[in-house]
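Asks: One predicted model, sequence on top.
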Amino acid sequence: MFLADKIVALGGTPTAAPAPVEIATDNRRMLEIALQSERDTVRRYKARAEQAEALGEIALKVRLEDVIVDETHHAEEIDRILTNWKS
């Protein structure tokens, strides 16, 4: 929500379209898809944080970094589950 508010404050119109998601047929694949999604999300937020810094939007950069921390933690948890997976 804070991103949508910031876009409006900067004169834009927020839009969002969900990315297509592969339908998993088993639990392991579901976790693999989730892990890739988390990694992709971190990559996109890092790019937005770099853009915010370049524009001098330091408060926005810090908020994005907070999101990056959360998403990185999620990815690490899923990776740990997959690493310890017992077939």
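Replies: That came in fine, so what should we check first?

Asks: For the lengthiest helix in the chain, the averaged confidence score.
Replies: Taking DSSP state H as the criterion, the chain has its longest helix at helix 27-54. Mean pLDDT, helix 27-54: 96.

Asks: centroid residue for the protein?
Replies: Against the mean C-alpha coordinate of the chain, by Cα atoms, centre = their mean, the closest residue is residue 41 at 2.6 Å.

Asks: Leaving out chain neighbours, which residue sits closest to that residue?
Replies: With Cβ to Cβ, 6 or more residues apart in numbering as the criterion, residue 41 has its nearest non-adjacent residue at 5.0 Å, and that residue is residue 71. From N, CA and C alone the C-beta is placed, and that goes for glycine too.

Asks: got it, and residue 48?
Replies: residue 64 (5.5 Å).

Asks: what does residue 63 give?
Replies: Per Cβ to Cβ, 6+ apart, closest to residue 63 is residue 2, 5.8 Å.

Asks: From residue 40, how far out is the one you found?
Replies: 20 Å (Cβ to Cβ, to the nearest Å).

Asks: re earlier: in contact with the residue nearest to residue 41, which residues?
Replies: Counting by Cβ atoms under 8 Å, 6 or more residues apart in numbering, residue 71 touches 38, 41-42, 45.

Asks: Looking at those, which is nearest residue 85?
Replies: residue 38 (16.6 Å; Cβ to Cβ).

Asks: surely that closest one meets residue 75?
Replies: Yes: Residue 38 lies in contact with residue 75 (Cβ atoms under 8 Å); the separation is 3.8 Å.
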